[in-house]
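K.L.:
This is a predicted model, with the sequence first.
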Amino acid sequence: MMMNKVKSRVLILMLVMALTVTGMAMPVTAYGAEDTDTQATEELAAPAEETAEEEATEEEAAADTAEQTPADEVTEEEEIEPVDTEDVQAEETEVVEEIPAEPELIDLTPTGLKAVSASFSSVKLTWTAVDGVDAYKVFVSKDAKTWDEYETVNRNSCTIRNLPTRRTRYFKVVSVAGNASGDYQTASSDAEYLTESEVVSGNAAMDPVIASGSLSSTKSTATISWSKIPGATGYAVYKWNAGKNRYTWFKTVYGNASTSTTVKPSAGSVNMFIVYAYRPSEGSNVYSPASNTIQFDMSKEDSFSLSFRSRNIKLYGTASGTTATLTWTKVWSADGYAIYKYDSAKKKYVYARTIVGSNKLKCYMPLSTTENTYYRIYAYKNYRGYKMWTPVSNTKYFAKASKTNQTVALGKKKLNCRYVWGAAGPNRFDCSGFTMYVLKQRGYNLPHNAAGQYYALRSKNIGTNWHNAQPGDLVFYSYGGPGSSHHVGIYVGNGQLMHASSSHGRVVVTSVTYTNGHIAAICRP
């Protein structure tokens, strides 16, 4: 609109100048010419009047645009300044030139950039994929000012490796475009594209330590164990210091192979420990996050309790048939002893029996006929409302009772039953009635007669020397040969015989040499 108005005014100005020149020349006539033709004169005057009216109109228009045009119209008396056509053309060219619109920006910027530790020496970057982008250039910086190109990837993730542990690094991602040759060019070279992501920071970090602890039975020592941390070159153990109200260094375990250490907790308090893994990084050690807290409650302990808990006890034992005789060493100031037996089904030692009193150092325990038997023993003391225990004793092993030992065990169940001649149980016996009853429990059918039982077992006769006998053997007595045996009993070991004795009036255990007559045969069922 403005340009058209200016052009109109310039044209008017030029016309005014032309008409002005014409108007000044029109009154001049040729010398000697006659002015007798009125019509011609009127015809010539009329254009002059029209010209004067046009000049007046043009002068008004020129006056309206005096400030916007380079020259003003003047009268005959005024001097006419020339119009600078170059200025007019320059102004016209400047106004006519069109200003191009700003190009619309195409946003190819990767968004949502995140940096997460992937290991003690690597960080994983992830970002939101951008439609139309072939690949991304990943940059790493130490100070967010100078950038190193790390890698070009055609996915929206990248793992930055070989980073120092726990040292901050800065990351950014730039969208790139590919070509047929497989080369990549940064899309940001074209001003119409936005391609550089925001800058994020992150660092490679070691895994946190997972720790556990166990207090020894004596409570004089404790073991702290922890998980093996990749990249660690050692571990530092810290202990809570109540005086300083913080954890302070306690000990260092060098090397990544060791994942436990022994500590000595203090009596009278709750001992708390934490563990750090460490490794060198850019000239100094850096540490993993602290482990969980390990606690050892020693608040009820003092020098006496720790001393009692450290005392040793020794277990001994002998076997006879299906019975074990256990004995042990005395523990000073103990209130008693607890015996534990191994349970193969539960795969652990379970409580079996308590012997009350510090001076009672012997007891009898059963033996299994189907498997080996194992016993252990502890001394205990009731102290300050709880029970203290010594360390466990050695393990006493007993082989499973043989079938002959089963015979002894079955016979002992009938000890002190009355002797009645001709009786064969279940609660009254004579000598052959007793052995017949017991062996029947093992599947033998023997006659109710001593000599008859010998004949039934004579193929298993081992002689007459009782020193060669084993628990469960039958011992026959006679004044003549074994075929005339008049008495029989069961050998229980250690020179002892279990039998239904008429002289004692019951089932008893006596010396193997106690009876009338001599040993005529020993048979092993």
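P.N.:
Structure received.
K.L.:
what residue ranges in the stretch 51-200 of the chain score low on pLDDT?
P.N.:
Scanning the stretch 51-200 of the chain for pLDDT under 70 picks out 51-105, 178-193.
K.L.:
can you do 90?
P.N.:
51-108, 131-134, 176-195 (pLDDT under 90).
K.L.:
so where do the strands sit in it?
P.N.:
106-107, 111-119, 122-128, 135-141, 147-153, 157-160, 169-178, 184-186, 193-194, 200-202 (DSSP state E, counting those that start in this stretch).
K.L.:
In contact with T354, which residues?
P.N.:
T354 makes contacts with 336-339, as judged by C-beta atoms under 8 Å, 6 or more residues apart in numbering. No exception for glycine: its C-beta is placed from N, CA and C like everyone else's.
K.L.:
same thing but at 10 Å, please
P.N.:
336-339, 363, 378, 380 (C-beta atoms under 10 Å, 6 or more residues apart in numbering).
K.L.:
Of all pairs in the residues you listed, which one is the farthest apart?
P.N.:
The span of the contacts of T354, defined through C-beta to C-beta, is set by C363 and Y380 at 15.2 Å.
K.L.:
thinking again about what came up before, dump the strands of the stretch 51-200 of the chain to TSV, plus distance to S217 and mean neighbour count.
P.N.:
Converted to TSV, those look like this (distance: least, C-beta to C-beta, whole Å; neighbours: other C-beta atoms under 10 Å):
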stretch	distance to S217	mean neighbour count
strand 106-107	70	12
strand 111-119	40	15
strand 122-128	45	19
strand 135-141	55	19
strand 147-153	56	14
strand 157-160	48	17
strand 169-178	50	21
strand 184-186	68	14
strand 193-194	70	17
strand 200-202	47	16
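K.L.:
Which among those is found nearest to L415?
P.N.:
Closest to L415 of the strands of the stretch 51-200 of the chain is strand 111-119 (C-beta to C-beta; 73.7 Å).
K.L.:
report the angle between the axes of that closest one and strand 169-178?
P.N.:
120 degrees (axes from the mean of the first three to the mean of the last three C-alpha atoms, to 10 degrees).
K.L.:
what kind of secondary structure is the residue nearest to V331 when sequence neighbours are not counted in?
P.N.:
Distances taken as C-beta to C-beta, 6 or more residues apart in numbering put A379 closest to V331, at 3.7 Å, once the chain neighbours are dropped. Recorded secondary structure, A379: strand (DSSP: H, G, I helix; E, B strand; the rest coil).
K.L.:
and A379, what does it touch?
P.N.:
A379 touches 308-309, 311-313, 328-338, 355, 358, 388-393, counting by C-beta under 10 Å, 6+ apart.
K.L.:
And S212, by the same measure?
P.N.:
223-227, 260, 291-292, 294.
K.L.:
buried stuff in the helix or strand harbouring it?
P.N.:
Per DSSP states H and E, S212 falls inside strand 211-215. By 16 or more other C-beta atoms under 10 Å, the buried positions in strand 211-215 come out as 211, 213, 215.
K.L.:
centre of the chain versus stretch 381-388, how much separation?
P.N.:
38 Å (C-alpha atoms, centre = their mean, to the nearest Å).
K.L.:
Between the two ends of it, how far is it?
P.N.:
Length of stretch 381-388, first residue to last, C-alpha to C-alpha, to the nearest Å: 5 Å.
K.L.:
ok, and what's touching it?
P.N.:
217-219, 300-302, 304-306, 308-309, 311, 331-336, 338, 358, 378-380, 389-390.
K.L.:
Could you pull out the buried residues of it?
P.N.:
For stretch 381-388, using 16+ other C-beta under 10 Å, the buried residues are 381, 383, 388.
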